[in-house]
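Model the structure of this input:
(2 chains)
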Number of protein chains: 2
Amino acid sequence: MSNGTPDTPTLDPEGGAPVAISLDEVSEIASEVRDLIEAGEEHSAWERIRLLHPADIGIIVAGLPSTSRDAMLRVMTPETVAWMLRQMNPVEAGRVGARLGSRVLTPVLQQLRPQQALDTLLRLPTRTARELTAILPRHVEETPQLEHEPDTAGSLMAGRFPAVALDDGAEAARASLRALDEDRRRFTHVFVVDGERLAGQIAMVDLALAEPDATVVQLATPVIATVTVETPAEECSRLQRHYNLTQLPVVDDEQRLVGVVAAESLLSATVEQDTQQMLRVASVSGEAVGGPLAASIRTRLPWLTVNLGTTFLAAATIALFESTLTQVVVLAAFLPVVAGQGGIGGTQTLTLIVRSIALGELVGVRARQLLVREAVLGLVHGIWLGVLVAVIAVAWQGNPGLGLVLGIAMLGNMVIAGTVGAAVPLALRRIGVDPAVASAVIVTTATDVLGFRLYLARARAVFYLRGSRAW
Amino acid sequence: MSNGTPDTPTLDPEGGAPVAISLDEVSEIASEVRDLIEAGEEHSAWERIRLLHPADIGIIVAGLPSTSRDAMLRVMTPETVAWMLRQMNPVEAGRVGARLGSRVLTPVLQQLRPQQALDTLLRLPTRTARELTAILPRHVEETPQLEHEPDTAGSLMAGRFPAVALDDGAEAARASLRALDEDRRRFTHVFVVDGERLAGQIAMVDLALAEPDATVVQLATPVIATVTVETPAEECSRLQRHYNLTQLPVVDDEQRLVGVVAAESLLSATVEQDTQQMLRVASVSGEAVGGPLAASIRTRLPWLTVNLGTTFLAAATIALFESTLTQVVVLAAFLPVVAGQGGIGGTQTLTLIVRSIALGELVGVRARQLLVREAVLGLVHGIWLGVLVAVIAVAWQGNPGLGLVLGIAMLGNMVIAGTVGAAVPLALRRIGVDPAVASAVIVTTATDVLGFRLYLARARAVFYLRGSRAW
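Numbering: from 1, shown residues only, chains lettered A, B, ... in the order given. Prediction:
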């Protein structure tokens, strides 16, 4: 039942409730707000946005330059900021909370009731939340979720959830929901416990349709998947996707129900996992576009440094053929052609395989089958690209030998790219390393080094050049 | 209420219901099944898997080599295959259906009741489903969802959904759910209509807690977001994530409710959009690891060909400095170092920006702010990498001039990488092009061409070499 608090708008024929707006509309309003604040009219700025959905208010405020943001937050009051964070999805609330910083968030939390402060705290990034608990009153400090590692079921779960005893009835299940107040909206099931052990679940729709005298045993269905507090968020997401689940009960070693990963937290975690995976392939995982520069440097620089080492492998390969290059210096011009195509081809294959592994699509598929497929694809691509590159090189440089060498190197490197692009992520997974993290650097190093070697060695042979130092 | 059909297992203390298993367990069972079928024991193979969750049966069967798969499908019967597809999430069912092909799926659909056939059909990829409708009886042909473009709300929506009139009561809302039989489990809300126009929604938990005499007006809350049949799946996913929604009502121009994108379809669509975005950045979007070779070639080869053109731009840049290279041939060895680092740095930036755009994180953030941030990051990285590369080059080749040239080129190219890596996706978005599609090739071309030019022009100046043909 809707009860008229700001947390649950009632149906209002005058249309007072916030509605979704497009990203373009949000951008437009954001720029109006920025102009108003810069003109010193932060009260008008707040009037402009206060009827929007909290999710939109959140991203507009977080996107403001820091001095404008401070002016806006003074108008908004700590209660409003807390309300906004509680209404946003957990991932966006965490991002916005991180941008606001603990200086802004401390008064926000201090003016809230303990339960509300806790709810708000749980939407913040774990690091910020831990910082804040230190300055908060005792009762808020006791937040079991903060004890768990980030990106585990323990950090995602709600400690308050609807539960009913196996020997009870529908009315008891309803009472467990009523006791949660607004939080009841986060759950799609009431969990059934036998003693403390998880015994089943009642879908909300079944409870809605239950006869008044229905028993829990009649209404309950089996739980398909449970997790523990240590289960990684990634596995939670896989369970959600693969088994079509809306929420996950968290149990301890003795199958006692200790928490529930609610629907919105589970969805947010899935989106976050997908984002992190995509960023890991590019080695920028853990960063945010608006985050501190130091964090970005810490994430990217080690990786760039490792990559520098691998490009020197490529440089060393070329250096081996210095005498070949001295004799036919135009060969140097085509080095990026050979390396570039191999790199792109390898990256295509590895991205496809990395994503398929993450989605559990490769279960039961033999690795050999995938390797052969990608090698054959590389061969087909290599034949087409090899002929094309040979024709262009001959037309441009008028040198049939160069065309032949380039064509062969291209063909060979595309087969290498397909094979290595598939083999590296599959091998990394087998030894328990996340293929998203390390595949790209290994694959591009392989296509560079092997591509250059193939190209320059072939050139030396075709042009009957003096032997170089090695190979 | 659970009713004992195979679609809703009842709570069974003996533990007969399928439970979630880990990917490793699935792999192990898949390999046992493969061995059993190869030994001609497909009945034992089916016994091994028939009590698993349908989602696991699906991926195990789809992963089998084609002859083993055919043997397995003969044992499974068309009814079982249809049941399996209906129980899987829409995306996985679509992928498994695509692997089974229309030869297997035709008898599956023909032996089902019309409504079941339709439900199964709607899980298949749009192309396969359209093929199959041609050979099916008339009533199944009339599937409005298949008329809509793939990846729109129209193709994702369910045409049957729970709806109740604004002047009705809780009991009518319950009746609308009962009328849907098993399908009711797909919905988290009952929709409220005034005439045919969408007027609100009732959350399932509110219906579960409603007094017997509650009216719809008392229970209803406003709808936050609606979509039309043409709304892209990408925008549906954004609405779900940003506003914390579980399902989306689909309305026509006059706000008449025509369908509902149910929770499982919406989640599947979100995961699918994330996957496609990740694959688009690597230009392998639309492919599946087990799909036909021809489809993979169609996806990748045009892109590889475009990329070949851009690597020739890099080659042309080097060719301009042929006389410089002739005089100091060791310069050629360091070409991949300059290009490789610039390419990695640019890709890191663009991946972060592309993903932030997709998640709506950049709303209200000024483009200039992002460009400056990435340029500064590039500068910091460039200083470190430039010093490092200079030291290594001097140590290796004993040539301080080379170290100086490389250091300057590295510094410059990292700044270029940061600036271009941020500017290209932002500019593409502004002109309405999907930044995931085209950013990578533009950014790596820019870092290659500008990096080589910077490196070789600097080398010519530092070594007082003869002027080359241009620049």
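
can you map out the strands along the stretch 201-350 of chain A?
Ranges of strands in the stretch 201-350 of chain A, per DSSP state E, counting those that start in this stretch, are A:248-251, A:257-261.

Of these, flag the one that's most buried.
strand A:248-251 (a mean of 25; mean count of other Cβ atoms under 10 Å in any protein chain shown). Backbone N, C-alpha and C define where each C-beta goes, glycine included.

Show me how far that strand is from its chain's centre.
22 Å (Cα atoms, centre = their mean, to the nearest Å).

What of stretch A:420-429?
21 Å.

By mean pLDDT, which helix or strand of chain A comes out lowest?
When each helix and strand of chain A is scored by mean pLDDT, DSSP states H and E, helix A:138-141 comes last, with a mean of 52.

Pull the CA coordinates from the helix or strand following that helix and hand them back as CSV.
Following helix A:138-141 in sequence order, the next helix or strand is helix A:153-156 (DSSP states H and E). Coordinates of each C-alpha in helix A:153-156 appear next as CSV, following Å, rounded to 0.1, in the frame of the first residue of the first chain:
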residue,chain,number,x,y,z
ALA,A,153,27.9,-11.3,-1.8
GLY,A,154,28.6,-10.2,1.8
SER,A,155,29.1,-6.6,0.7
LEU,A,156,26.1,-6.6,-1.5
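
name the helices or strands packed onto the next helix or strand after helix A:153-156?
Beyond helix A:153-156 on the C-terminal side, the first helix or strand identified by DSSP H and E is strand A:163-165. Using 3 or more Cβ pairs under 8 Å, 6 or more residues apart in numbering or on different chains; DSSP states H and E, the elements in contact with strand A:163-165 are helix A:170-178, strand A:189-194.

on contacts alone, who are the packing partners of the longest one?
The reference is to helix A:170-178. Using 3+ Cβ pairs under 8 Å, 6+ apart as the test, helix A:170-178 ends up in contact with strand A:163-165, strand A:189-194, helix A:204-208, helix A:216-219, helix B:204-209.

Now distance to residue A:383, mean neighbour count and mean pLDDT too, for these, in JSON lines please.
Shown next, in JSON lines, are the helices and strands packed on helix A:170-178 (distance: least, Cβ to Cβ, whole Å; neighbours: other Cβ atoms under 10 Å in any protein chain shown; pLDDT from 0 to 100):
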{"stretch": "strand A:163-165", "distance to residue A:383": "63", "mean neighbour count": "20", "mean pLDDT": "96"}
{"stretch": "strand A:189-194", "distance to residue A:383": "56", "mean neighbour count": "22", "mean pLDDT": "96"}
{"stretch": "helix A:204-208", "distance to residue A:383": "57", "mean neighbour count": "26", "mean pLDDT": "95"}
{"stretch": "helix A:216-219", "distance to residue A:383": "63", "mean neighbour count": "21", "mean pLDDT": "95"}
{"stretch": "helix B:204-209", "distance to residue A:383": "58", "mean neighbour count": "25", "mean pLDDT": "95"}
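
Spell out which residues of the stretch 351-471 of chain A are next to chain B.
A:351-353, A:355-356, A:359-366, A:369-370, A:373, A:376-377, A:380-381, A:384-385, A:388-389, A:392, A:444, A:448, A:452 (Cβ under 8 Å from any Cβ of the partner chain).

Buried among the residues you listed? Make that a PyMOL selection.
In PyMOL syntax, the buried subset of those is picked out as below (16 or more other Cβ atoms under 10 Å in any protein chain shown):
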select buried, chain A and resi 351+352+353+355+356+359+360+361+362+363+364+365+370+373+376+377+380+381+384+385+388+389+392+444+448+452
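
In helices only, show me the residues of the stretch 351-471 of chain A next to chain B.
A:351-353, A:355-356, A:369-370, A:373, A:376-377, A:380-381, A:384-385, A:388-389, A:392, A:444, A:448, A:452 (DSSP state H).
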